[in-house]
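Participant: what's the 3D shape of this:
(one chain, ligands or ions: 1)
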Amino acid sequence: MKIIFATANEHKLDEVKSICGNCGIEFALPEGDFNPVENGSSFEENSVIKAKEAYRLSKTYCLADDSGLCVNALNGAPGLYSARYAGTQDAKIEKLLHELSDKNDRSAKFVCCMTLLNDCGDVIFQTIGECFGSIVEERKGLNGFGYDPIFLVEGYSKTMAELSPDEKNKVSHRAVALKNVLKFLQSMP
Ligand code: ITT
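Facilitator: Numbering: from 1, shown residues only. As a prediction, the model looks like this:
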């Protein structure tokens, strides 16, 4: 089975392929100019927007991932705006560390909402995966992408960027969500 993975972020696609392993699904990026307007007011809404745009381009099964980092002391920011929090990834991390500099509570979570559309373009499954942890004071580690270097994973003494790709793909918000999607697909008649 082939599923279009509705993203322009190749790191996400690599992780999804690796989490899926030999699951029998071939994931591919949308053809053409994939540039949906992510103007929803929740991860769920943006995930549907991305999935529908991928369906418009491909007219087959599509899976979207809308994700972000939610920091408790910042009322859930950057959250939905994680990709747009500042100009570059370095600037996003600097801004977040600055905003947290006078806060005691550094707890946070990564969230991933996945939405699956069938080959008629209908939403047939939606799920949320979460990964809990906290924000460290200085970036550590070179693996992963995005905010991984500043996210200390609960139960580990390592940031997400210090985990190996295999370790990240066992515990991440994306892994939790994708496993739910795979379970749903296996249960389909
Ligand atoms: P698409 O919209 O094309 O999928 P994007 O990167 O813009 O790509 P999002 O709108 O879902 O994706 O924004 C998610 C942002 O949250 C992403 O750019 C990262 O900054 C951050 N993020 C999401 N998952 C992450 C992860 O596993 N590790 C680190 N940061 C992550």
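
Participant: use CA for all of it now, contacts and neighbours both
Facilitator: Fine.

Participant: longest single strand anywhere in this structure?
Facilitator: Longest strand in the chain by number of residues (criterion: DSSP state E): strand 123-135.

Participant: Just the helices from the protein, written as ranges.
Facilitator: 10-20, 43-58, 89-99, 165-171, 173-187 (DSSP state H).

Participant: returning to that earlier point: can you name every helix or strand that the longest strand of the chain contacts?
Facilitator: Here strand 123-135 touches strand 107-117, strand 151-153, helix 173-187, going by 3 or more CA pairs under 8 Å, 6 or more residues apart in numbering; DSSP states H and E.

Participant: Mean pLDDT, mean neighbour count and distance to P165 added to the ones you listed, as JSON lines?
Facilitator: Shown next, in JSON lines, are these (pLDDT from 0 to 100; neighbours: other CA atoms under 10 Å; distance: least, CA to CA, whole Å):
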{"stretch": "strand 107-117", "mean pLDDT": "98", "mean neighbour count": "25", "distance to P165": "16"}
{"stretch": "strand 151-153", "mean pLDDT": "98", "mean neighbour count": "26", "distance to P165": "14"}
{"stretch": "helix 173-187", "mean pLDDT": "97", "mean neighbour count": "17", "distance to P165": "11"}
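
Participant: picking that back up, need the winner for burial among the helices of the chain.
Facilitator: helix 43-58 (a mean of 22; mean count of other CA atoms under 10 Å).

Participant: Going by contacts, tell me the helices and strands next to that one.
Facilitator: Using 3+ CA pairs under 8 Å, 6+ apart, the elements in contact with helix 43-58 are strand 2-6, strand 62-71, strand 107-117.

Participant: Now distance to E162 too, for these, in TSV please.
Facilitator: Listed next are these as TSV, based on distance: least, CA to CA, whole Å:
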stretch	distance to E162
strand 2-6	26
strand 62-71	17
strand 107-117	16
